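Q: Just the structure for this:
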Amino acid sequence: MTGKEWKIIRTLVISDIHGCYREFNALLRKAGYNPERDKLVLIGDYVDRGPNSKAIVDQVMSLHAEYGAVVLKGNHDKMACDALLSDDEDKLDLHWLNNGGFYTLASYVGADADFVQQDLGWAEYIRIKHWIRQAYKHHLDFLSSLPLYHETEDHLFVHAGIDPALTDWRTQREYDFIWIREPFYNHPVTNTGKTVVFGHTPTLQFQDEPGIWFSSHGDKIGIDGGCAYGEQMNCLEIGEEGYKNHSVRLGESG
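A: Numbers count the residues shown, from 1 in each chain. Predicted structure coming up:
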């Protein structure tokens, strides 16, 4: 990042990119992202399910290094690292591969995802896994070291949510920061003093369309539009005039 002082006017928040490189960049264009005035906050799940996880990780790393984008950890980022960095060759690999990891693997080796899923043998998978570990150590180091939350004066950004029952939400397990569902979104959040902005659970869980969801209590904002499931990718704009929504549909290039 340069030494130039930039006046940040807007915060742009995006979650659950899942390797959807074309849609992510279309969304940045639609929102008019300008690092000289915008703080970009990415709240997890950069890999799996979509076709271009490697390109997304490259870009997210650059956005963080060059423009100070906030990059948080999601459950899929942890699953990928756990599998690729493990030598156990057990359920960690299968859990990841069966939850979209085949697409991530294919993006790193330049192969067709269907071939990887249907025809790749286990021994070949292990060989590729060790190659990725060596050739893309910087990617795995980056994803492994990502923080779990980011705070501003009025907002708490996190991938999945926080446990409303805890007196000090900061003490919760890593698992809950990236995996929690019903205990978070089914109960009012009163232990943060801030509005929690989260992804992880598609907003179709809460409403009839995949746009950004605003809790009736004013305590939560869900932004996962389910792009990797055929719906859309959302961007929450937080600015001087309040909230604005931007979105692109799966397949949209802007």
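Q: what helix or strand is Ile128 on?
A: helix 122-135 (DSSP states H and E).
Q: Quick one: mean pLDDT for that helix?
A: Mean pLDDT, taken over the full extent of helix 122-135, equals 94.
Q: Buried residues of the following helix or strand past that helix, list them for me.
A: Using DSSP H and E, the helix or strand that directly follows helix 122-135 along the chain is helix 137-144. For helix 137-144, the neighbour count (16 or more other C-beta atoms under 10 Å) marks 139-140, 142-143 as buried. Any C-beta I mention is one placed from the backbone N, CA and C, and that applies to glycine too.
Q: what's the answer for stretch 9-26, then?
A: Here stretch 9-26 shows 10-26 as buried, counting by 16+ other C-beta under 10 Å.
Q: residues in contact with the residue nearest to the spatial centre of the chain?
A: Against the mean C-alpha coordinate of the chain, by C-alpha atoms, centre = their mean, the closest residue is Gly44 at 2.2 Å. For Gly44, the contacting residues are 15-16, 72-77, 146, 159-160, 178, 199-200, by C-beta atoms under 8 Å, 6 or more residues apart in numbering.
Q: and those residues as CSV, adding distance to Trp131 and pLDDT?
A: Formatted as CSV, the contacts of Gly44 follow (distance: C-beta to C-beta, whole Å; pLDDT from 0 to 100):
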residue, distance to Trp131, pLDDT
Ser15, 30, 99
Asp16, 27, 99
Leu72, 28, 99
Lys73, 24, 99
Gly74, 24, 99
Asn75, 24, 99
His76, 21, 99
Asp77, 20, 99
Leu146, 23, 99
His159, 28, 99
Ala160, 31, 99
Ile178, 27, 99
Gly199, 30, 99
His200, 30, 98
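Q: and Asn191, what are its phi and psi?
A: Note on Asn191: backbone dihedrals following degrees, to the nearest 10 are phi -100, psi 10.
Q: was I right about Val196 contacting Thr152?
A: No: counting by C-beta atoms under 8 Å, Val196 sits too far from Thr152 to count as a contact (11.8 Å).
Q: who's more crowded, the two?
A: Val196 (22 against 15; other C-beta atoms under 10 Å).
Q: Now do the SS call for the more buried one.
A: strand (DSSP: H, G, I helix; E, B strand; the rest coil).
Q: in the worst-scoring helix or strand of the chain on mean pLDDT, what counts as buried?
A: Ranked by mean pLDDT, DSSP states H and E, the weakest helix or strand in the chain is helix 113-119, scoring a mean of 80. Of all the residues in helix 113-119, those buried under the rule 16+ other C-beta under 10 Å are 113, 116.
Q: low pLDDT regions in this protein?
A: 1-6, 89 (pLDDT under 70).
Q: Walking through it, point out its strands one by one.
A: 10-14, 38-42, 70-71, 149-151, 155-158, 195-198, 213-214, 220-222, 232-239, 242-249 (DSSP state E).
Q: Sheet-wise, list the partners of the fourth one with their directions.
A: So that's strand 149-151. Using DSSP bridges, strand 149-151 pairs in its sheet with strand 155-158 (antiparallel).
Q: Would you mind pulling the contact partners of the partner strand?
A: Counting by C-beta under 8 Å, 6+ apart, 11, 13, 41, 43, 70, 72, 148-151, 162, 177, 192, 194-198, 238 sit against strand 155-158.
Q: Return the distance of that strand from the chain's centre.
A: Chain-centre distance of strand 155-158: 13 Å, with C-alpha atoms, centre = their mean, to the nearest Å.
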